[in-house]
Structure formats: C-alpha cells, structure tokens
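Asks: turn this into a model:
(one chain, ligands or ions: 1)
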Amino acid sequence: MDRKRIVCFGDSNTWGYDAGTGGRFPYEERWTTMLQEKLGQEWEVISEGLSGRNAVCEDPLFEGLKGIDYIHPCLLSHSPVELAIIMLGTNDTKERFSMTSRNIAMGITRLAVKARSVKAGPDGTGTTVLVVCPPPIQAEYAETEIGDAMGRDCDIKSIGLAGNLSELLKIEGIPFFDSGKLIEMRSVDHMHLDADGHRKMAHLMEELVRKMAAGKNLNDKEDGRQLSGNMRTKQEVHEAIRNKVVVSCQALADEPLHSAFIMGRMAYAAFLGGASGIRANSVVDIREIKKTVDLPIIGIIKQDYEGSDVYITPTMKEVDALCEEGVDIIAIDATIRVRPDGMTIKEAFPLIRAKYPDQLFMADCSDFEEAKLAAELGFDYIGSTMAGYTPYTEGRELPALDLIERMVRELDKPVIAEGGISTPEELRAVLDLGVHSAVVGSAITRPMEITKRFIAAAYK
Ligand SMILES: CC(=O)N[C@H](C=O)[C@@H](O)[C@H](O)[C@H](O)COP(=O)(O)O
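Replies: Predicted coordinates for the structure are as follows:
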C-alpha cells in the first residue's frame with residue numbers, strides 16, 4: 001500500500017534544532033517524528049526542514065536557503081504528495097532582508113501558491129498546501145547570542161506575521177493556522193521550539209491533518225473552532241483528570257496577581273507540581289495558560305451583570321467566547337438563581353447544549369437540588385463550586401463533604417469537588433468520597449489569602 005505522503009517544508013524548527021545544545025533533537029523528539037507516530041501507517045511524514053530557510057529571499061551569507069527555488073523539485077521528488085505543510089517566516093525577519101511583516105507574508109503566500117501549482121498531488125494534480133505560521137519570536141532573542149546575527153526588530157515583524165498571512169492566504173483560498181495561538185518559542189534563544197513545543201506542535205499538526213483529510217475547511221470558523229485548543233477527545237479529557245487534582249489559577253482585576261502572564265506561570269508551577277488540569281478564568285488567561293502547559297482546561301468567564309448575582313459563565317456570550325477559544329470543559333453557574341438574560345439554568349442550558357453538542361460542560365452548583373437538576377439537564381460533570389456562595393448556602397462549612405458525598409452517591413454523573421479545599425488532608429478526604437476529580441484554588445494560587453491564614457494564626 002502506498003502511504004499518503006506529507007511533506008513538512010520548514011526551517012530549523014522543522015529540522016529539530018535544539019537551542020539548548022546547539023545540536024538536533026533526537027529523532028523521537030522532533031515534531032515530524034511524533035506526527036508520524038500519531039498518524040500511523042496510513043501516512044508517511046517527510047521532514048524537509050533546513051536551518052535558516054526562508055520563503056523568498058536570497059541569503060547573501062549562506063547557500064540554498066531560498067525556499068521558493070527548492071519547493072518545485074522538493075515536492076516532485078516526494079510525489080505523489082497528499083499534503084505539503086509550509087511552516088516558515090522566522091528567518092525571513094532577519095534585518096539583512098529588510099522585509100516588513102507584510103512583505104514576509106507576501107513571500108510565504110507566493111511560495112504557497114507556487115507549491116500548490118506543482119503537479120505533485122495524487123494522480124498528477126496540483127499539491128494541497130497548508131500554511132502554518134510559526135510561534136512568534138520573543139523580544140528577548142535580542143539579548144541572546146543569536147541577537148546580533150538576526151539583527152533588530154525580528155520579534156516585532158514576527159508578531160505581525162500571522163494577521164497578514166491569514167488575510168493574504170484567505171484571498172488565495174489556502175488553508176492556514178496560527179500555531180502561536182497555542183505554542184510558544186520557549187527555548188534559550190526565544191526563536192526555537194523546546195522539547196515541549198515539539199510535542200505540542202505534533203499534537204496540533206495531527207489535528208490539522210485529520211481535519212483537512214476529513215475535508216474540513218480550517219478557515220471556516222465552525223470547522224476551525226475546535227482547533228484553537230480543544231485538542232483532546234472527550235474520553236482523553238475524562239481520563240486525564242480521573243482521580244486527579246485540578247488547580248484553579250485565577251486572579252480577578254482587583255487581586256494583586258491579576259495578569260495573564262502570572263496565571264500562565266502559576267499554571268506552569270502547578271504542572272511541575274503534578275496538577276492534572278487547570279481551571280482558569282477569561283480568554284486572555286486561558287490563551288496564555290495553553291501556551292505554557294498542555295493540560296486539560298476547565299474554562300470559565302467571570303462576568304458581573306447588573307440585576308443578577310450569577311457571574312460564572314452567566315450568558316451565551318461567555319459560552320460562545322470560551323468555545324471560540326477552545327477549552328476542554330466549560331464550567332457554568334448552575335444555581336437556581338435567575339441569570340442576567342432573565343433565564344434560569346433550566347431554560348438556558350438546553351439552548352447551550354443545542355448550540356454546542358460536542359462540548360463538555362461542568363455545572364457549578366451550591367446544593368443537592370441544583371446538582372440533581374444539572375445532572376438531568378445533561379451536564380457532563382457536576383461540581384460543588386458554589387456551595388457556600390449562594391444566600392441559601394452561605395456560612396456552610398467547606399469543603400462541603402456531606403454535599404459532595406451525596407452527589408457521588410445519588411447522581412450518575414461524575415462529580416468534581418471544588419470550593420474550600422484548603423489542606424492536603426481535606427483533599428484526601430474529598431478524593432476518598434469517590435469524586436472524579438478535585439479542584440484546589442486559593443490554597444495554592446492565592447498568596448494573599450494564604451498569607452492571611454498564616455497571619456491569623458500568628459497573631460490570634
Ligand atoms: C465561588 C467562586 O467564585 N469560585 C471560583 C470559581 O471558579 C474561584 O474563585 C475559586 O477559587 C475556585 O472555585 C476554587 O475554589 P477554592 O479557591 O476555594 O479552592
């Protein structure tokens with residue numbers, strides 16, 4: 001059987017340059033190899049990565065780096081080619097090329113159009129092309145050894161690339177994805193993928209290849225939506241958090257750590273500490289966290305509206321934003337209180353489910369009646385998040401062990417324990433009740449609250 005061939009046409013980040021050692025990542029750690037493993041025997045992934053390659057510029061310092069001169073023989077020599085993935089744009093920012101972001105995008109578009117015209121496709125047809133924008137170079141590159149050789153403003157040109165590419169490739173009808181939405185250049189020189197970046201790139205590329213193979217249009221919002229982060233199957237998400245701890249990384253505008261960057265680092269610390277998932281608030285925080293860790297995310301948007309006390313993902317607007325961004329599970333206030341749009345959860349959730357049938361949803365409840373209703377309404381996970389935070393549950397002891405125990409015993413839905421788990425002993429007690437997973441927030445990620453607990457003990 002002839003396997004379906006994918007040519008990955010790129011630069012050092014496709015070749016597998018390891019900025020930590022100055023050498024090449026081992027074979028198994030390169031994204032192209034991991035992509036091959038993920039796609040299996042039906043496909044053959046060919047790595048055509050060359051350090052220093054750019055799209056259309058003749059490099060006065062090095063030989064053979066101008067992609068457009070090589071794409072034609074390259075695709076033909078691997079033909080028949082099912083798909084050519086072009087990921088270039090990092091080297092094109094070099095100061096000696098004097099290219100703006102727009103120029104770079106024009107060059108990559110020209111290269112992609114040429115690639116498409118090469119009759120390397122199955123049955124001698126043109127080649128199907130996917131352009132992936134690399135994650136942007138970070139400003140710190142300038143301070144590293146590579147800074148002088150690259151020249152000035154490479155980070156600025158790099159950041160502007162995705163928007164320009166998206167616009168120009170749309171006109172040509174060429175599929176495009178911005179990997180910078182999900183992946184960061186985290187290596188020592190701030191312009192190469194580290195080992196984790198390679199893993200994430202393989203994950204993303206698999207998703208993109210499968211979507212394209214299924215005939216989906218990546219530029220179509222409906223088809224492309226799930227690509228922006230929700231890259232695990234429901235079953236994978238479920239298993240990833242089974243009997244595990246999710247750490248909530250949140251800081252509202254009036255809290256001292258309010259910053260997407262800090263929440264990203266909090267999530268990273270939680271990951272290194274052994275967390276199996278992250279709960280996060282707001283699209284900016286979620287986006288940053290996705291770049292930093294590859295863990296399932298329970299996403300929420302806290303939004304205050306006048307006339308309603310419901311603030312966790314209270315209306316369809318917040319659900320839309322989370323689906324657009326892509327999170328593994330969306331948590332929604334599922335208390336009986338009237339929502340800002342005048343609906344109750346009984347009215348609101350069926351509309352949400354109808355609009356997003358494939359999305360996992362968690363119900364943030366405060367008492368058993370709410371949990372029961374949420375299970376009936378078809379929520380995928382039932383949480384105790386709001387216990388103690390509604391007027392009718394105010395003052396109850398947390399964690400709400402009796403409530404959680406009853407939820408586990410009487411509901412046939414997986415339960416996520418959340419709210420007021422303050423010590424490792426309390427966490428153990430909650431897990432022993434048979435919950436599917438447990439969320440710990442303030443006790444890990446709100447240092448002001450932690451300090452208060454210590455101070456109260458010190459001066460009482
Ligand atoms: C009630 C409410 O708004 N809870 C929020 C829900 O996302 C967060 O502020 C909590 O930190 C989270 O539930 C985790 O709980 P704890 O921080 O107690 O471990």
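Asks: could you list the domains of this protein?
Replies: Using automatic domain parsing, the domains assigned to the chain come out as 4-213, 234-458.
Asks: which residues touch the closest residue to H192 other than its chain neighbours?
Replies: Of all residues not flanking H192 in the chain, A19 sits nearest, at 4.3 Å (C-beta to C-beta, 6 or more residues apart in numbering). Placement of C-beta: from N, CA and C, glycine included. Contacts of A19 were listed using C-beta atoms under 8 Å, 6 or more residues apart in numbering, and they are 187-189, 191-192, 194.
Asks: min pLDDT across those residues, which one?
Replies: Lowest in pLDDT among the contacts of A19 is S187, which has 82.
Asks: near the ligand, which residues of this protein?
Replies: When proximity is defined by C-beta under 6 Å from any ligand atom, the chain lies next to the ligand at 248, 250, 279, 300, 312, 385-386, 389, 418-421, 439-443.
Asks: and the residues you listed, which of them are in helices?
Replies: Judged by DSSP state H, these include 442-443 as members of helices.
Asks: only whichever of the residues of the chain next to the ligand are buried, select them in PyMOL.
Replies: PyMOL command restricting these to the buried ones, with burial defined by 16 or more other C-beta atoms under 10 Å:
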select buried, resi 248+250+279+300+312+385+386+389+418+419+420+421+439+440+441+442+443
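Asks: so which of the residues of the chain next to the ligand belong to strands?
Replies: 248, 279, 300, 418, 439-440 (DSSP state E).
Asks: helices and strands of the protein: which one bottoms out on pLDDT?
Replies: The least trusted helix or strand in the chain, going by mean pLDDT, DSSP states H and E, turns out to be helix 221-224, with a mean of 42.
Asks: pLDDT score assigned to the closest residue to the ligand within the stretch 301-450 of the chain?
Replies: Per C-beta to the nearest ligand atom, G441 is where the stretch 301-450 of the chain lies closest to the ligand, at 2.7 Å. For G441, the pLDDT comes out at 98.
Asks: now it: closest residue in space that isn't a chain neighbour?
Replies: G441 sits nearest to S248 (C-beta to C-beta, 6+ apart), 3.3 Å away.
Asks: just G378 next, same as before
Replies: Once flanking residues are discounted, G378 sits nearest to R353: 5.8 Å by C-beta to C-beta, 6+ apart.
Asks: try L168
Replies: Spatial nearest neighbour of L168, excluding adjacent residues (C-beta to C-beta, 6+ apart): T109 at 4.4 Å.
Asks: identify the residues contacting the one you found.
Replies: 131, 165, 168-169, 172, 174.
Asks: and C133, how many residues sit next to it?
Replies: Using other C-beta atoms under 10 Å, C133 has 26 neighbouring residues.
Asks: show me what it bridges to in the sheet.
Replies: Beta-bridge pairing of C133 under DSSP bridges involves D178.
Asks: follow-up on the earlier one: any chance of the contacts of T109 in JSON lines, with neighbour count, pLDDT and secondary structure too?
Replies: As requested, these are exported to JSON lines (neighbours: other C-beta atoms under 10 Å; pLDDT from 0 to 100; DSSP: H, G, I helix; E, B strand; the rest coil):
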{"residue": "V131", "neighbour count": "28", "pLDDT": "97", "secondary structure": "strand"}
{"residue": "L165", "neighbour count": "26", "pLDDT": "96", "secondary structure": "helix"}
{"residue": "L168", "neighbour count": "20", "pLDDT": "95", "secondary structure": "helix"}
{"residue": "L169", "neighbour count": "22", "pLDDT": "95", "secondary structure": "helix"}
{"residue": "E172", "neighbour count": "14", "pLDDT": "93", "secondary structure": "helix"}
{"residue": "I174", "neighbour count": "22", "pLDDT": "94", "secondary structure": "coil"}
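Asks: and the two most separated of those?
Replies: Farthest-apart pair in the contacts of T109 is L165 and E172; separation 10.5 Å (C-beta to C-beta).
Asks: point out where the stretch 251-400 of the chain drops to low pLDDT.
Replies: Within the stretch 251-400 of the chain, no stretch has pLDDT under 70.
Asks: which residues in it form helices?
Replies: Using DSSP state H, counting those that start in this stretch, the helices assigned to the stretch 251-400 of the chain run over residues 260-273, 283-292, 316-325, 345-355, 368-377.
Asks: and what of the stretch 51-200 of the chain?
Replies: Secondary structure of the stretch 51-200 of the chain (DSSP H, counting those that start in this stretch): helices at 67-78, 101-117, 147-150, 154-159, 161-172, 195-213.
Asks: turn those into JSON lines, including distance to L431.
Replies: Converted to JSON lines, these look like this (distance: least, C-beta to C-beta, whole Å):
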{"stretch": "helix 67-78", "distance to L431": "51"}
{"stretch": "helix 101-117", "distance to L431": "50"}
{"stretch": "helix 147-150", "distance to L431": "49"}
{"stretch": "helix 154-159", "distance to L431": "43"}
{"stretch": "helix 161-172", "distance to L431": "42"}
{"stretch": "helix 195-213", "distance to L431": "28"}
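Asks: which residues touch whichever residue of the stretch 101-250 of the chain sits closest to the ligand?
Replies: Nearest residue of the stretch 101-250 of the chain to the ligand: S248, at 4.2 Å (C-beta to the nearest ligand atom). Going by C-beta under 8 Å, 6+ apart, S248 touches 278-280, 418, 439-442, 444-445.
Asks: apply 7 Å and report the result again.
Replies: 279, 439-441, 445 (C-beta atoms under 7 Å, 6 or more residues apart in numbering).
Asks: ditto for C154
Replies: 93-94, 137, 141.
Asks: per-residue pLDDT, it?
Replies: 97.
Asks: dump the contacts of A19 into TSV; add neighbour count as well.
Replies: Shown next, in TSV, are those (neighbours: other C-beta atoms under 10 Å):
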residue	neighbour count
S187	20
V188	17
D189	20
M191	28
H192	27
D194	19
